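1. the following block contains a protein sequence and its predicted model.
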Amino acid sequence: MVSCPFAVSCWNKSFPGSQSIHTQVLEVWLEKMFGKYSDNKYADIVTLCWALWRARNDVVWEKKYSRVNRVIASAKQYLLRWKCAPVTCSSVLFRFVVEEDGAITWVRPTRNSIKVTVDATLFAERREYGLGIVARDADGLLVEAKIKCYSGTVTVEYVEALGIKEALSWIKNKGWQEVKLESDCLAVVQAIRCTVEMQSSFGQVVADCRRELRDSNSISLLFIKRSANVVTHCFARASHRYPDRTFDWSDIPIEFQDCIQMESI
């Protein structure tokens, strides 16, 4: 778990500070890791232990070998799903506007349709913000992905709304039919669904989204949990490294391939 070269590569990539811990005893190593990182990282450490153990079992029992990025992605995906598991439809504190809202895992679209997920992120220290938009088919395969990066200081709600607007324009230009467009920003999804006019830059983007949706009878906008939007979040976070790029499966960076495959299982 701590001396295997493959495991060490996983730890070094996920927790660069682990390189300074020198011991072969797992209990001692974990104690030092917990002392080195804050308690909000404990679950990440334990989950990566679990993912490494599962990868080890795959090698021993099924002769299946994995890659570092895939093991790390599986740990993050499992943890996100676990965190969302306590949320049930009986909760009276949280009500969705549409019955299909609130998916906690990514679900493949029906045959002859496309699912587009969108996410946004802020790079406050760089005074930039980025978008990730990912389209996949009924087999969970990547149709195309789009990344954009902008300069400026804006609110997260504005960027999330801008992402939905960009996705709607992209879908229209592609001529795709029967599309489900998903965002993990409930506030923006609800703002687009309501009819309140807002006199602001955010309100203008929301109005543009409403107009695009009215003009199309084949696009439905849904809210999903962050745990169902892992892949697109990865694209958004990488937008400053791949600004204004469009990918298909033939040229997608390997760092995204494992996330897509894991989320499509």
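-> Cool, got the structure.

2. whichever helix or strand S220 is part of: partners in the sheet, and parallel or antiparallel?
-> Using DSSP states H and E, the element containing S220 is strand 219-223. Paired neighbours of strand 219-223 in the sheet (DSSP bridges): strand 179-183 (parallel).

3. which positions in the following helix or strand past the strand it pairs with come out as buried?
-> Read in the C-terminal direction, the helix or strand following strand 179-183 is helix 186-193, with elements assigned using DSSP H and E. Using 16 or more other CB atoms under 10 Å as the test for burial, helix 186-193 gives L186, V188, V189, A191, I192. Every residue, glycine included, has its C-beta placed from N, CA and C.

4. would you check that the first one makes contact with L222?
-> No: assessed by CB atoms under 8 Å, L186 is found out of contact with L222, at 10.5 Å.

5. do you know how far S38 is from I21?
-> Separation of S38 from I21 (CB to CB, to the nearest Å): 16 Å.

6. out of these two, which sits in the busier spot?
-> Neighbours of S38 and I21, each counted by other CB atoms under 10 Å, are more numerous for I21; the result is 17 against 7.

7. mind listing what that one touches?
-> Contacts of I21 were listed using CB atoms under 8 Å, 6 or more residues apart in numbering, and they are W29, K32, M33, K36.

8. please name the nearest non-neighbouring residue to the third one.
-> Read that as M33. Spatial nearest neighbour of M33, excluding adjacent residues (CB to CB, 6 or more residues apart in numbering): I45 at 5.6 Å.

9. for the one you found, give me phi and psi.
-> For I45, the backbone dihedrals are phi -70, psi -50 (criterion: degrees, to the nearest 10).

10. please apply the same query to A103.
-> Taking degrees, to the nearest 10 as the convention, A103 sits at phi -60, psi 140.

11. ok, it - how many residues close by?
-> 17.

12. and it, how far from N217?
-> As defined by CB to CB, A103 lies at a distance of 23 Å from N217.

13. same check, this time on D258
-> In this structure, D258 lies at 36 Å from N217, with CB to CB as the measure.

14. by contact count, what packs against the lowest-mean-pLDDT helix or strand in the chain?
-> The element with the least model confidence among the helices and strands of the chain, by mean pLDDT, DSSP states H and E, is helix 68-84, at a mean of 76. Helices and strands in packing contact with helix 68-84 are listed as helix 5-14, helix 42-62, helix 230-237, helix 254-263; criterion 3 or more CB pairs under 8 Å, 6 or more residues apart in numbering; DSSP states H and E.

15. how about the longest one as PDB, C-alpha atoms only?
-> Taking C-alpha atoms only, helix 42-62 is exported to PDB below (Å, rounded to 0.1, in the frame of the first residue of the first chain):
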ATOM      1  CA  TYR A  42      -9.100  12.100   5.700                       C
ATOM      2  CA  ALA A  43     -11.900  10.600   3.500                       C
ATOM      3  CA  ASP A  44      -9.800  11.100   0.400                       C
ATOM      4  CA  ILE A  45      -6.800   9.300   1.900                       C
ATOM      5  CA  VAL A  46      -9.000   6.300   3.100                       C
ATOM      6  CA  THR A  47     -10.800   6.100  -0.300                       C
ATOM      7  CA  LEU A  48      -7.600   6.000  -2.200                       C
ATOM      8  CA  CYS A  49      -6.400   3.200   0.000                       C
ATOM      9  CA  TRP A  50      -9.600   1.300  -0.900                       C
ATOM     10  CA  ALA A  51      -9.100   2.000  -4.600                       C
ATOM     11  CA  LEU A  52      -5.500   0.800  -4.500                       C
ATOM     12  CA  TRP A  53      -6.600  -2.400  -2.700                       C
ATOM     13  CA  ARG A  54      -9.200  -3.000  -5.400                       C
ATOM     14  CA  ALA A  55      -6.600  -2.400  -8.100                       C
ATOM     15  CA  ARG A  56      -4.400  -4.900  -6.400                       C
ATOM     16  CA  ASN A  57      -7.200  -7.500  -6.300                       C
ATOM     17  CA  ASP A  58      -7.900  -6.900 -10.000                       C
ATOM     18  CA  VAL A  59      -4.200  -7.800 -10.700                       C
ATOM     19  CA  VAL A  60      -4.100 -10.800  -8.500                       C
ATOM     20  CA  TRP A  61      -7.400 -12.400  -9.300                       C
ATOM     21  CA  GLU A  62      -8.300 -11.200 -12.800                       C
END
